[in-house]
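Novice: below: sequence and its predicted model.
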Amino acid sequence: MKISKDFVWGVATAAYQVEGAWLEGGKGFSIWDGYAHIPGKILNGDNADVACDQYHRYEEDVALMKELGVTAYRFSFAWSRIIPDGSGEINPAGIDYYNRLINCLLENGIVPWVTLFHWDLPLALQMTHDGWLNRKTAEFFARYARICFDSFGDRVKNWITLNEPWCSSVLGHGLSVFAPGRQSPDEPYVAAHNLLIAHGLAVKEFRGGGFGGVIGISNNCDWREPLTDSEANRSAAQRALEFFYGWFTDPLVFGDYPAIMRERLGGRLPDFTDEDRKLVKGSTDFLGLNHYSTAFASAEPVPGGLDSVCGNGGMSNDQEVYLSHHPDWEKTDLQWSVVPWGFRKMLNWIGDRYPGLPIYVTENGCAVAEPDAATAKDDEFRCRFMGGYIDAMKEAILVDGKDVRGYFVWSLMDNFEWAFGYSKRLGLIRCDFNTLERIPKKSYYYYRDLIKNSQE
Ligand code: PNW
């Protein structure tokens, strides 16, 4: 099965997970710097002070990407490297670092895809303004975005405003497993609203500035398959998808939250004023999808079902959807089920609900237990995972006719996996966190050959 020669094959990372240099080059603190240093928050007491040290080793990493044959690198800017306190002075050393990285990519024929916000909010904005609970943060984000477009927009033509605002909202403000570590049934909906406004304001700056190129958002969503064909289970699965992907995409396409959310949440769900509706509606040039797994959804609890906390879109109580797994499904090291056909259905659901918008898979990948370099170099599991998921995507494109234009593997290399620290490995390249040595795995060569074959 051959897909278009123009198809974008890439790899992805995020600033906090790979850069390190947390106190260098004039960078300010982010909420993840703070959160990771609170004892007990991160497995094994890890933090990303050094991470993969990409800040000092980006030339080596770009060379590895070139050798891999990817045409695109998705990475994020650390807002607090560009504006240390989030809202004040610009840090020239931060601008300089990203200029060097971008120029190095372009010199090597790799197209930069920049995410403006991958969760690392400047800590000062959290402390002085309550972060995403305050609309002012959206205004500060728009100013930061404008500074980025002005500084890099001559060379960066592919922009992603936000990475997985679902995670910032639910994991950061609902379940307290991510920074800023808040726990509330209502704050996720407030944070989400301000994140959507932030997206809208940034896109307005982009489009008004005539920079050229495209701008979109990366939303995460796993597939929800009705446990049985009953009406109740089918609507549970649909409800789960609307509380997950629909929550952050319907407003950008249709100008409001899914009706089912309004029905169930009432006044707990913020309203869009007419002005805000105009701001967000139509504010995305493409739909990013970060996809990792699939679960069954049902209207009633299933014995032995999943504790439906993480990975269940929206706040679980509000949805009344119960998740479970098929006992035969293989699991990644994050305990996420491997179900390639769920990916195909997910792409179809998005294509059918939001026709006319191109889809980019901005993340897909898997965690594998790799205790040593020898295991990592023989990551057959990851090769099979990628083969299955990429075939499913090809079916969505070639058989189902969905407009999917790119695919980014998460991740280029093992990195700081948030609350799991360095204990979960998702890279095509192993990173030895003692020596910082990079060691390509079998999956690196597998992906290299796959890209080569699909470009012939
Ligand atoms: C994404 N969930 O995170 C992020 O964009 C990456 O930074 C991260 O490393 C990658 O996926 C692997 O985890 C997610 O609970 C974290 O459903 C949690 C969930 C989904 C995505």
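Specialist: Perfect, thanks for sending it.

Novice: enumerate the residues of the chain near the ligand.
Specialist: Counting by Cβ under 6 Å from any ligand atom, the residues of the chain close to the ligand are 14, 17, 163-164, 167, 220, 290, 310-311, 363, 410, 417, 426. Where you see a C-beta, it was placed from the backbone N, CA and C, and this is true even at glycine.

Novice: Lys204 belongs to a strand?
Specialist: No - assessed with DSSP: H, G, I helix; E, B strand; the rest coil, Lys204 is helix; it does not lie in a strand.

Novice: just the strands in the stretch 351-456 of the chain please.
Specialist: 359-364, 404-410, 429-431, 438-440 (DSSP state E, counting those that start in this stretch).

Novice: strands paired with the last one, and their directions?
Specialist: Strand 438-440 pairs in its sheet with strand 429-431 (antiparallel), by DSSP bridges.

Novice: before we move on, what about the longest one?
Specialist: Its sheet considered, strand 404-410 pairs with strand 8-12 (parallel), strand 359-364 (parallel) by DSSP bridges.

Novice: please produce TSV containing these, extended by mean pLDDT and mean neighbour count.
Specialist: Shown next, in TSV, are these (pLDDT from 0 to 100; neighbours: other Cβ atoms under 10 Å):
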stretch	mean pLDDT	mean neighbour count
strand 8-12	99	25
strand 359-364	99	25
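
Novice: for Val177, which of these is the nearest?
Specialist: strand 359-364 (18.4 Å; Cβ to Cβ).

Novice: and the contacts of that closest one?
Specialist: 8, 12, 74, 113, 160, 163, 216, 218, 220, 286-292, 343, 347, 350-351, 389, 393, 402-410 (Cβ atoms under 8 Å, 6 or more residues apart in numbering).

Novice: what are the phi and psi angles of the closest residue to Lys281 other than its chain neighbours?
Specialist: In space, and not counting its chain neighbours, Lys281 is closest to Gly255: 3.5 Å by Cβ to Cβ, 6 or more residues apart in numbering. Dihedral angles of Gly255 (phi, psi; degrees, to the nearest 10) stand at phi 90, psi 10.

Novice: in TSV: the strands of the stretch 351-456 of the chain, plus distance to Gln319.
Specialist: TSV is the format used below for the strands of the stretch 351-456 of the chain (distance: least, Cβ to Cβ, whole Å):
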stretch	distance to Gln319
strand 359-364	23
strand 404-410	26
strand 429-431	37
strand 438-440	41
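
Novice: can you give me the strands for the chain?
Specialist: 8-12, 72-76, 111-117, 158-163, 214-220, 223-226, 287-290, 294-298, 322-324, 359-364, 404-410, 429-431, 438-440 (DSSP state E).

Novice: ok, the third one: who's next to it in the sheet?
Specialist: Going back to what we said before, that points to strand 111-117. Strand 111-117 has these strand partners (DSSP bridges): strand 72-76 (parallel), strand 158-163 (parallel).

Novice: wait, which of these is closest to Phe296?
Specialist: The nearest among the strands paired with strand 111-117, by Cβ to Cβ, is strand 158-163 at 26.9 Å.

Novice: CA atoms only: put the closest one into CSV for me.
Specialist: Below are the C-alpha coordinates for strand 158-163, written out as CSV (Å, rounded to 0.1, in the frame of the first residue of the first chain):
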residue,chain,number,x,y,z
ASN,A,158,4.0,24.5,10.7
TRP,A,159,2.7,25.5,14.1
ILE,A,160,0.9,23.7,16.9
THR,A,161,-0.5,26.0,19.6
LEU,A,162,-1.2,23.5,22.4
ASN,A,163,-0.3,19.9,23.1
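
Novice: follow-up on the earlier one: could the strands of the chain go into TSV alongside distance to Gly305?
Specialist: Listed next are the strands of the chain as TSV, based on distance: least, Cβ to Cβ, whole Å:
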stretch	distance to Gly305
strand 8-12	31
strand 72-76	34
strand 111-117	34
strand 158-163	29
strand 214-220	21
strand 223-226	13
strand 287-290	24
strand 294-298	8
strand 322-324	4
strand 359-364	25
strand 404-410	27
strand 429-431	35
strand 438-440	39
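
Novice: what's the closest of the ones you listed to Leu125?
Specialist: strand 111-117 (11.4 Å).

Novice: would you mind getting the angle between that closest one and strand 214-220?
Specialist: 60 degrees (axes from the mean of the first three to the mean of the last three Cα atoms, to 10 degrees).

Novice: how far off centre is strand 111-117?
Specialist: 11 Å (Cα atoms, centre = their mean, to the nearest Å).

Novice: what's the answer for stretch 256-266, then?
Specialist: Using Cα atoms, centre = their mean, the offset of stretch 256-266 from its chain centre is 24 Å.

Novice: wait, what's in contact with Ser169?
Specialist: Per Cβ under 8 Å, 6+ apart, neighbours of Ser169: 132, 187-189, 191-192, 195.

Novice: quick one: least confident helix or strand in this protein?
Specialist: helix 316-319 (a mean of 86; mean pLDDT, DSSP states H and E).

Novice: which positions in that helix come out as buried?
Specialist: By neighbour count with 16 or more other Cβ atoms under 10 Å, helix 316-319 contains the buried residues 316, 318-319.

Novice: okay if I get these as CSV plus distance to Ala232?
Specialist: Listed next are the buried residues of helix 316-319 as CSV, based on distance: Cβ to Cβ, whole Å:
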residue, distance to Ala232
Ser316, 17
Asp318, 17
Gln319, 13
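
Novice: from these, which is closest to the ligand?
Specialist: Nearest to the ligand out of those is Ser316 (Cβ to the nearest ligand atom; 12.1 Å).

Novice: circling back: from the contacts of strand 359-364, which would you call buried?
Specialist: By 16+ other Cβ under 10 Å, the contacts of strand 359-364 give 8, 12, 74, 113, 160, 163, 216, 218, 220, 286-292, 343, 347, 350-351, 389, 393, 402-404, 406-410 as buried.

Novice: what stretches of the protein score poorly on pLDDT?
Specialist: The chain contains residues with pLDDT under 70 at 1, 307-314.

Novice: cutoff 90 now
Specialist: 1-3, 301-317, 454-456 (pLDDT under 90).

Novice: so who does the residue of it positioned farthest from its centre touch?
Specialist: Using Cα atoms, centre = their mean, the residue of the chain lying farthest from its centre is Ser230. It sits 32.6 Å away. Applying Cβ under 8 Å, 6+ apart to Ser230 gives the contacts Ala299.

Novice: where's it relative to Arg224, distance?
Specialist: According to Cβ to Cβ, to the nearest Å, Ser230 and Arg224 sit 14 Å apart.
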